[in-house]
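Asker: Here is a sequence together with a model predicted from it:
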Amino acid sequence: MSETGRNKTASKRAVNFLEACREPFSPLKFAAALALITAAAALFSLTAVSGRLKKISEAENGLSELTRELERIEAECADYNEIKREYDRYSFGGYDSALPDRLEVLGLLERDVFPKAEVKSIAVSGRSLSVTAVGLGLDGASELIGLLEEEPLVESVAVSTATEGGSTVTKLTVTLAESEGSGGE
């Protein structure tokens, strides 16, 4: 066949898409590329890994300092609950502010109960006042209940009577109103 025109014979320079004139392997170029990749990896390691490790080390040192400070403060405050109990014993720090003032309760007794009845016993617990009176008849008990219910310090009054050895024993259970300073009424 002729090599003119369309029927040109192919040269045998390429087989399976590989160039036959390809340069042979160069160890010098390979060593240069390897050195460049190693330098890039070292630079990346220095900036990305070493910097973070340094920051982690600094953070751990800061944490250990704060832990020592916390331990020192906890040691100083170890007996806080004991000291607070002692302080509350001599102050009104642990006092329930919803309870009425005990001096006002005593004033209520002096004003309304003592002039009307012979008091056998008195007990105050929280917002409950228990009064046991002797010799107070039904009319006297009714009058006393009326007086107590008019007091702003009193929320409610309950009465029970009994006869003991020929005399009437009246037990009054007075529920006291919450203190105004506690946000109650």
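Answerer: Everything's here; your move.
Asker: Please enumerate the helices of the protein.
Answerer: Taking DSSP state H as the criterion, the chain contains helices spanning 27-44, 51-76, 80-90, 102-108, 138-150.
Asker: What is the first one packed up against?
Answerer: Based on contacts counted as 3 or more Cβ pairs under 8 Å, 6 or more residues apart in numbering; DSSP states H and E, there is no element that helix 27-44 packs against. Any C-beta I mention is one placed from the backbone N, CA and C, and that applies to glycine too.
Asker: could we number from 420 for the rest of this?
Answerer: I'll keep to 420 as the first residue from here, and by that count the last item is helix 446-463.
Asker: Quick check: buried residues in that helix?
Answerer: By neighbour count, and taking 16 or more other Cβ atoms under 10 Å as the criterion, helix 446-463 has no buried residues at all.
Asker: what distance separates it from the centre of its chain?
Answerer: Using Cα atoms, centre = their mean, to the nearest Å, the distance from the centre of helix 446-463 to the centre of the chain it belongs to is 58 Å.
Asker: what mean pLDDT does it have?
Answerer: Over the span of helix 446-463, the pLDDT mean works out to 89.
Asker: now do the fourth one
Answerer: Confidence for helix 521-527, expressed as mean pLDDT, is 86.
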